[in-house]
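**Student:** Sequence and predicted structure, then a few things I'm wondering about:
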Amino acid sequence: MRIGVVTFPGSLDDVDAARAVRLAGGEVVPLWHADAELPAVDAVVLPGGFSYGDYLRAGAIAARQPLMRAVVDRAHAGMPVLGICNGFQVLCEAGLLPGALTRNSHLHFRNRDQALRVERADTAWTSSYAQGQTITVPVKNGEGRYVAADADLDRIEGEGRVVVRYAGGNPNGSSRDIAGVTSADGRVVGLMPHPEHAVEELTGPSVDGLGFFTSVLQGALSA
């Protein structure tokens, strides 16, 4: 399975995301933000970082780059897309996911190992987990507070679109402890924590994050 990993100016975790894809057994296809056409890939990962220095709003400029127009079109056609941290911000800015990411409520950058509860284990990116499972992956963000209008939050909750929720403390003040959400079809997922930093015992707090990457591969094999 060919999984594209996009690099924007200011991406920091594209190499880490690519390594996670390889460890899961996928073939990495490097993608450049300024390219107008998306090559033949089965899924796309938007990595973490500070694209365009977080000017205007985090992810706002990256969401309007040429490659993202192709990603949005392919996502609407059913291609799986994963957005991690800054990638989550880009997905919200591009309109592929509901809500927005704003400055942490305590106004501090937060970097720590974080417990998450898996709320949806039937998306393209979470099928390797069990619903209700607790996993531990790092979180590192300054603008990671997930927000939406109360009516929109009720709708997101009612439609079962919360994928992961913070457990054991909310690191950024996100509404209803929401750490990640999915599109209505379960193909597009965004989350603020970093599963690509929890894929090897030597360097991560766990290998709990690898499931995001094996999930999309297993989904392709079973399709």
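**Tutor:** Nice, thanks for sending it over.
**Student:** Let me see the ranges of the helices in the chain.
**Tutor:** 14-24, 66-76, 86-93, 150-158, 210-222 (DSSP state H).
**Student:** orientation of the third one relative to helix 66-76 in degrees?
**Tutor:** Taking axes from the mean of the first three to the mean of the last three Cα atoms, to 10 degrees, helix 86-93 and helix 66-76 form an angle of 70 degrees between their directions.
**Student:** now for the least confident helix or strand in the chain by mean pLDDT, which elements pack on it?
**Tutor:** Every helix and strand of the chain was ranked by mean pLDDT, DSSP states H and E. The lowest is helix 210-222, at a mean of 87. When contacts are defined as 3 or more Cβ pairs under 8 Å, 6 or more residues apart in numbering; DSSP states H and E, helix 210-222 sits against helix 14-24. Yep, even glycine has a C-beta here, placed from its N, CA and C like the rest.
**Student:** Now do the same for the helix it packs on: mean pLDDT, whole number.
**Tutor:** Computed over helix 14-24, the mean pLDDT rounds to 98.
**Student:** which residues sit against that helix?
**Tutor:** Outside helix 14-24, the residues within contact range by Cβ atoms under 8 Å, 6 or more residues apart in numbering are 3, 5-7, 27-28, 30, 45, 47-49, 84, 194-197, 199-200, 209-210, 212-214, 217.
**Student:** one step back: looking at the helices of the chain, which is buried most?
**Tutor:** Mean neighbour counts were compared across those using mean count of other Cβ atoms under 10 Å; the top stretch is helix 86-93, at a mean of 28.
**Student:** In terms of secondary structure, what does it contact?
**Tutor:** Of the remaining helices and strands, those touching helix 86-93 by 3+ Cβ pairs under 8 Å, 6+ apart are strand 43-46, strand 81-84, strand 100-102, strand 188-191.
**Student:** Now with 6 Å, please.
**Tutor:** Secondary structure elements in contact with helix 86-93, counted by 3 or more Cβ pairs under 6 Å, 6 or more residues apart in numbering; DSSP states H and E, are strand 188-191.
**Student:** So what touches the strand it packs on?
**Tutor:** 75, 81-83, 88, 91, 96-97, 123, 125, 163-164, 179-180, 182 (Cβ atoms under 6 Å, 6 or more residues apart in numbering).
**Student:** repeat for stretch 77-87
**Tutor:** Judged by Cβ under 6 Å, 6+ apart, the contacts made with stretch 77-87 from elsewhere in the structure are 43-49, 51, 59, 75, 90-91, 124-125, 141, 187-190, 192, 194, 216.
**Student:** Sounds good, over and out.
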